[in-house]
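Participant: Here's my sequence, what's the structure:
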Amino acid sequence: SYTTLRIFFGSINAKMAFHSDSKAHLSLCWWVIVGAILVFTHGQQQCNFLQKDCICDEKSTTCVFNLIVEQIQTFASYGVENNYIDNLDYQPRGKTGGVYYFNSKGNLNKANLKEPNNGRCANISNEDFSNNNCSTPITVDGMTFRSVLTLNGLIPGPNLIVYEGQTIVAYVTNMLSSDTISIHWHGMNQRNTPWMDGVGGLSHCPITPGTTFTYIFKASPSGTFWYHSHSGTQRTDGLFGALIVKEKMPPDFMNYSFQLSNKEYTLSLLDWQQQASEDLFTQLEGSLGFFPGLPNGRIPQNGGPWRTYSADGAEVGPITYWSGLINGRGRHASVSYNQSRLTIFNVNPGISSVNVSYRFRMIGAQSLFAYRVSISDHKLTIIATDGYLVKPVDVDYIIIHSGERYDFALKRKYATEVVIKKNYLIRAETLEVDLTKSVPYPSLGHIAEAILHYGNSSDQPSSTMYFNIAQSYNLDCLKTRSCVAINCPFINYNQNYNITQCIKLTDLQLLLPTPDDELPGKPTGKTIFFNFGFQGDGSSSAINGRNFILPSMPPQTQGVSQTEICQVGSSVSCSTPGTKCRCTHLVDIPESNDYVEFVFSAVGVDSVGNGSGFGHPVHLHGHSFQVVDIGYGKYDTTTGIVNIANSDISCLSDDRCSYPGWTNGVDPFKNINITEYTIRKDTIIVPAGGYVRVWIIADNPGYWFLHCHIEPHQMEGMSVIINELPSKQNCPPSELALKCGDFNWNVNSFNVKVKSPQPCSSSSWNDDVKGLMAGLIVSILFNVALILVLVIIWCCVCKKNSYQVLNNTDMPTEVQSYQLTPKRASRNDYTRI
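Facilitator: From the prediction side, this is the model:
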């Protein structure tokens, strides 16, 4: 309908000039047309090419976004067509592009090529790209010239901002040349829509090149979330963006002596690499080592160290750190500050009579490295994690692991405090230290940077000022008091560090109580143990000794073959020759269990000591969970190194830790319980040599992915499918189950599926087909009615006594041209028809 209207209005504008004496008559007709536009487009929000914030109207019930996935080159500018974002109007870039570099003054200059490039975007001066319909080059870390994956031409992709309860419709088009994609909506529960979860090969077929997949789901719960590719290593190459679900009622912190400003910011963190992530994973999988700085295509002769460690002796790598990006911008250590572009957050000074703080929504999009985040001369007030509001806690550092989100309130400095100093460094530093030195182990200095600026875009600092801003970085706690951090992957920093307190997640409390229907009781069924370690084939990444392999078809839409599933059970050991442990690892949740306990551990052979330990950020799809307890290993009191794994968990003398459980079968804290204020998460760090126990309510039927969020670990097989309530899983739309490729459905079909969920059976399948045919008939009738309305309007505005052909001297130039040479419909009009 939208397409029909657009073509109709275009033809009206091109073909008509109007009588001055029919203005009133025609005005009425145009108001009818405008009304039709409002009716047909109400609640829809398209996300334009290069648009960073795509905001859905609060009053809308449906939010529509178009997302195009492409592969482009950093430091390159490309032609941008005005209609580029419409998925039906995708235009090849053609010979428009050009390459740029930073000169010594920090300005982007066109590259000098032996063969002149006459492309429209190859000769832009003064960085005036937008006025020439050209994209601004993506400069990432100021150094790395390589291919990247973008959403709507951006890295990260656009911020999708909606309100809780709205229906999201996302048309995702794959314009890659050969790779398939999928988009996971990280943190969305996908209740009754498990086939919209976006794990390619599990939730649905991967999206093949040249096709469009329509995701429709409810925006629930509220909070800070994100979307990212769940195919291969694409997330680390730029294929991600923020998904902000605003609360229906803004949170109130007046009892804590501050209030939140209406203005807020999204801050995403990414560890960037010199090469495409797939290439690095290939080197990792064979333990070939890494060679940072080696020119592409050269054979390495000398390699540097590639494993690094945190202060507890746990491994941090395993891929060498290259650079870090905040909102897609950063600086490589070898690049001078003026030859980079950092993200700048503009804020206004505070007013002494009102304590209003800015909300920062921070997203850990890293592939590997955890970051310790701080802002010079500012304290950070934690107000939410993984979408759930918490009682405010002041800290100096936030440690954020891959997949996690933390919201913090930033108390603004007053105008009198920023007269001299207006710019403050935002610094994200990895946890890597040099263990060859004495305690406190010095940091390796691997960072990502951005700038907090008191002012607006007109007076924000140029790149020539970055160096001085970085040099003025200061935390008061480093000089006058001890620092406080939150979310350490170990129990505490060694006493020789100035960070004397690590707040555990279990020390946090929810700001609002968990509703009764979302609060699990004490699990009465079997506790399910998952050990994350390197006990897979060839000492590779695994869960319970099993390397996960995607099944041959998506279980959620087409079922799964029993011959592909791993053997599991208390008597099945992957150490036994012939046991199938490189397979589709799937664990059923018994339908009799209302409440379930998961225990995530990182113990067993090579779990600690000799630099073999590793902390794992674990993410569960389809659920949040109550964090009941965190157990840590034993640490050397002098060095702070974890040297003995927690003894609560046992691998039962199995080298592959195929069936972990409580030591001697005894729960050491069997009387533990939770309250309505117990913290909730969907991603949590499992400490090296330790464990985390969480509780869920088994009330969301579906196949849900559980995996380590460190991308190389997941790629190697540190994943498992949770098969929850198989007899109650909502049958997918028939058109989704019948084929792969283009998938398009509408909100009406979605509402039927969500409001009346039905398990897959012959009757429900027939109902789906009947519903599909009924929807088709209704759609045809609706469009016939629409065409009749348009015909009436056409007659209304085009009849002979309502317009006349004016003299050429009184006619607009484009109409004169039309008289002489009728304008051809564009390729895009034919496509739409």
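Participant: Tyr397 versus His446, what's the distance?
Facilitator: Distance from His446 to Tyr397, counting by CB to CB, to the nearest Å: 15 Å. In this view, the C-beta of every residue, glycine as well, is placed from N, C-alpha and C.
Participant: How about Val587?
Facilitator: Noted for Val587: a distance of 36 Å to Tyr397, by CB to CB.
Participant: Tell me which of these two has more neighbours.
Facilitator: Higher neighbour count among Val587 and Tyr397: Tyr397, with 24 against 18, using other CB atoms under 10 Å.
Participant: Look up the closest residue to that one, ignoring the ones flanking it.
Facilitator: Ala485 (4.0 Å; CB to CB, 6 or more residues apart in numbering).
Participant: Confirm that neighbour sits in a strand?
Facilitator: Yes. Applying DSSP: H, G, I helix; E, B strand; the rest coil, one finds Ala485 inside a strand.
Participant: Hmm, it is touching Ile399, no?
Facilitator: Yes. Between Ala485 and Ile399 a contact is recorded at 5.9 Å, counting by CB atoms under 8 Å.
Participant: Now do the shared contacts for those two.
Facilitator: Shared contacts of Ala485 and Ile399 (CB atoms under 8 Å, 6 or more residues apart in numbering): Arg372.
Participant: Contacts only, for Cys657.
Facilitator: By CB under 8 Å, 6+ apart, the residues touching Cys657 are 531, 533, 535, 544-545, 603-605, 651.
Participant: Send me stretch 696-704 as PDB with only the CA atoms.
Facilitator: Extracted C-alpha coordinates of stretch 696-704, given in PDB (Å, rounded to 0.1, in the frame of the first residue of the first chain):
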ATOM      1  CA  ILE A 696      15.400 -19.300  36.000                       C
ATOM      2  CA  ILE A 697      11.700 -20.000  35.500                       C
ATOM      3  CA  ALA A 698      11.300 -22.500  32.700                       C
ATOM      4  CA  ASP A 699       8.300 -20.700  31.100                       C
ATOM      5  CA  ASN A 700       9.700 -19.600  27.700                       C
ATOM      6  CA  PRO A 701       9.400 -22.600  25.300                       C
ATOM      7  CA  GLY A 702      12.100 -22.700  22.600                       C
ATOM      8  CA  TYR A 703      15.600 -23.700  21.600                       C
ATOM      9  CA  TRP A 704      17.800 -21.200  23.400                       C
END
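Participant: buried set for it?
Facilitator: By neighbour count on 16 or more other CB atoms under 10 Å, the buried set for stretch 696-704 is 696-698, 700-704.
Participant: what about the helices in the stretch 151-300 of the chain?
Facilitator: Ranges of helices in the stretch 151-300 of the chain, per DSSP state H, counting those that start in this stretch, are 277-285.
Participant: where does it have low pLDDT?
Facilitator: The stretch 151-300 of the chain contains no residues with pLDDT under 70.
Participant: Give me the neighbour count for the closest residue to Val720 other than its chain neighbours.
Facilitator: Distances taken as CB to CB, 6+ apart put His585 closest to Val720, at 4.4 Å, once the chain neighbours are dropped. For His585, the neighbour count with other CB under 10 Å is 25.
Participant: Next, the contact list for Leu149, please.
Facilitator: For Leu149, the contact set (CB under 8 Å, 6+ apart) comprises 69-71, 155, 176, 229, 234, 237-239.
Participant: Report the buried members of the residues you listed.
Facilitator: Buried residues within the contacts of Leu149, counting neighbours by 16+ other CB under 10 Å: 69-71, 155, 176, 229, 234, 237-239.
Participant: ok, these vs Pro757, which is closest?
Facilitator: Taking CB to CB as the measure, Pro757 lies nearest Ser229 of these, at 27.7 Å.
Participant: Let me see the contact set for the closest one.
Facilitator: 149, 181-184, 235, 239-240.
Participant: I'd like to know which of those is nearest to Gly689.
Facilitator: Of all the contacts of Ser229, Arg235 has the smallest distance to Gly689: 27.7 Å, by CB to CB.
Participant: gap between the residue nearest to that closest one when sequence neighbours are not counted and Gly210?
Facilitator: Spatial nearest neighbour of Arg235, chain neighbours left out: His228 (4.5 Å); criterion: CB to CB, 6+ apart. According to CB to CB, His228 and Gly210 sit 21 Å apart.
Participant: So which of the two has more stuff around it?
Facilitator: When neighbours are counted by other CB under 10 Å, His228 and Gly210 differ, and His228 comes out ahead with 25 against 13.
Participant: what pairs with that one across the strands?
Facilitator: Taking DSSP bridges, one finds His184, Phe240 as the beta-bridge partners of His228.
Participant: Near Thr208, how many other residues are there?
Facilitator: 16.
Participant: residue contacts, it?
Facilitator: Counted by CB under 8 Å, 6+ apart, Thr208 has contacts 174, 180, 740-741.
Participant: Let's see the PyMOL selection covering just the buried ones among the residues you listed.
Facilitator: For the buried members of the contacts of Thr208, the matching PyMOL selection, counting by 16+ other CB under 10 Å, is:
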select buried, resi 174+180+740
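Participant: Show me which of the contacts of Thr208 is closest to Asn456.
Facilitator: Among the contacts of Thr208, Asn174 lies closest to Asn456 (CB to CB), at 38.4 Å.
Participant: How about the contacts made by that closest one?
Facilitator: Counting by CB under 8 Å, 6+ apart, Asn174 makes contact with 69, 180-181, 207-213.
Participant: redo that, cut-off 10 Å
Facilitator: By CB atoms under 10 Å, 6 or more residues apart in numbering, Asn174 lies in contact with 67-70, 180-183, 206-213, 231.
Participant: circling back: among the buried ones among the contacts of Leu149, which one lies nearest to Thr193?
Facilitator: Ser229 (19.1 Å).
Participant: In contact with the closest residue to that closest one other than its chain neighbours, which residues?
Facilitator: Nearest residue to Ser229 in three dimensions, chain neighbours excluded: Leu239, at 3.9 Å (CB to CB, 6+ apart). Contact partners of Leu239, counting by CB under 10 Å, 6+ apart, are 69-71, 148-151, 155-157, 176, 181-183, 227-233, 365.
Participant: try 8 Å this time
Facilitator: By CB under 8 Å, 6+ apart, the residues touching Leu239 are 69, 149-151, 157, 181, 228-229.
Participant: Low-confidence stretches in the stretch 351-500 of the chain?
Facilitator: By pLDDT under 70, the weakly predicted segments of the stretch 351-500 of the chain are 353-354.
Participant: Just the helices from it, written as ranges.
Facilitator: For the stretch 351-500 of the chain, the helices defined by DSSP H, counting those that start in this stretch occupy 466-471.
Participant: Quick check: next helix or strand after the helix or strand where Tyr101 lies?
Facilitator: When elements are assigned from DSSP states H and E, Tyr101 belongs to strand 98-102. Using DSSP H and E, the helix or strand that follows strand 98-102 in sequence is strand 108-110.
Participant: Right, I'll call it a day here.
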